[in-house]
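how would this look folded up:
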Amino acid sequence: MISTSDFRKGLKLMYEGSPWIIVDFLHVKMARGRPHVKAKMKNMLTGNVIEKSFLTTESFEVPDLEDRNMQYLYSQGNELCFMDSKTFDQIHIDAGILGDSRWYLMENEEYSILFYEGNPLSIDLPASVVLTVTEAEPAVKGDSVSNITKPAKVETGLQIKVPLFVKEGDKVKIDTRTGEYIERAN
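Take a look at the predicted model:
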């Protein structure tokens, strides 16, 4: 059981029958009245965010969550195929479940996938990835004004904005949280 005194950012708990993750919290002690905890929580199934106050005497169950290391094999249509690194079982995950994370997956790389009651919820990505540019317009000579970007496509199909000097075949570092170009990688 989890009590309100255990609250911290990133804590996962069961509330109203579904798993939630604490985004932010604040312990409140008033001169009159009982102390309580204000929590901002995100539903791990729907993505809804709520703010709720809890008495310090309330407790919550621990959700049935499991982290599994899985190797990304390939994509087929709208499904992504992963293989469990321990049991070698293959599972197909709908690309909609992983959202924009799918654009940063590299074949044969291992990722940590979070499961709730046997169903995949999310994937844990590194803060940045290095991908190869497959399509980019050539830079025009004389374009030297700073902060000018052009569209480019990387090997996973993701469209990003890159500086003019980036060309096809270059490796670029991309922030997985924002989808923005960071730097050219060697």
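
domain parsing for this protein?
According to automatic domain parsing, the chain comprises the domains 2-60, 65-124, 128-185.

centre of the chain versus the longest one, how much separation?
Right, the one you point to is domain 65-124. On the basis of C-alpha atoms, centre = their mean, to the nearest Å, the separation between the geometric centre of domain 65-124 and that of its chain is 12 Å.

repeat for stretch 16-27
The answer for stretch 16-27 is 18 Å, by C-alpha atoms, centre = their mean.

export only the CA atoms of it, formatted as PDB.
Output for stretch 16-27, consisting of C-alpha atoms alone and laid out as PDB, is shown next (Å, rounded to 0.1, in the frame of the first residue of the first chain):
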ATOM      1  CA  GLU A  16     -10.400   4.800  -9.200                       C
ATOM      2  CA  GLY A  17      -9.500   1.500 -10.800                       C
ATOM      3  CA  SER A  18      -6.700   2.700 -13.200                       C
ATOM      4  CA  PRO A  19      -3.000   3.400 -12.900                       C
ATOM      5  CA  TRP A  20      -1.900   7.000 -12.400                       C
ATOM      6  CA  ILE A  21       1.600   8.600 -12.200                       C
ATOM      7  CA  ILE A  22       2.200  11.600 -10.000                       C
ATOM      8  CA  VAL A  23       3.400  14.600 -12.000                       C
ATOM      9  CA  ASP A  24       3.600  17.100  -9.100                       C
ATOM     10  CA  PHE A  25       2.500  17.200  -5.400                       C
ATOM     11  CA  LEU A  26       2.400  19.600  -2.400                       C
ATOM     12  CA  HIS A  27       1.900  18.800   1.300                       C
END
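
what are the buried residues along it?
Residues of stretch 16-27 classed as buried: 19-22, 25 (neighbour count, 16 or more other C-beta atoms under 10 Å). Backbone N, C-alpha and C define where each C-beta goes, glycine included.

that stretch - what's its average pLDDT?
Along stretch 16-27, the predicted confidence averages to a pLDDT of 92.

mind listing residues that contact it?
Contacts of stretch 16-27 from elsewhere in the structure, counted by C-beta atoms under 8 Å, 6 or more residues apart in numbering, are 7-14, 35, 37-46, 49, 63, 65, 116, 121.

among those, which ones are in strands?
In this view, the contacts of stretch 16-27 that belong to strands under DSSP state E are 12-14, 37-43, 49, 65, 116, 121.
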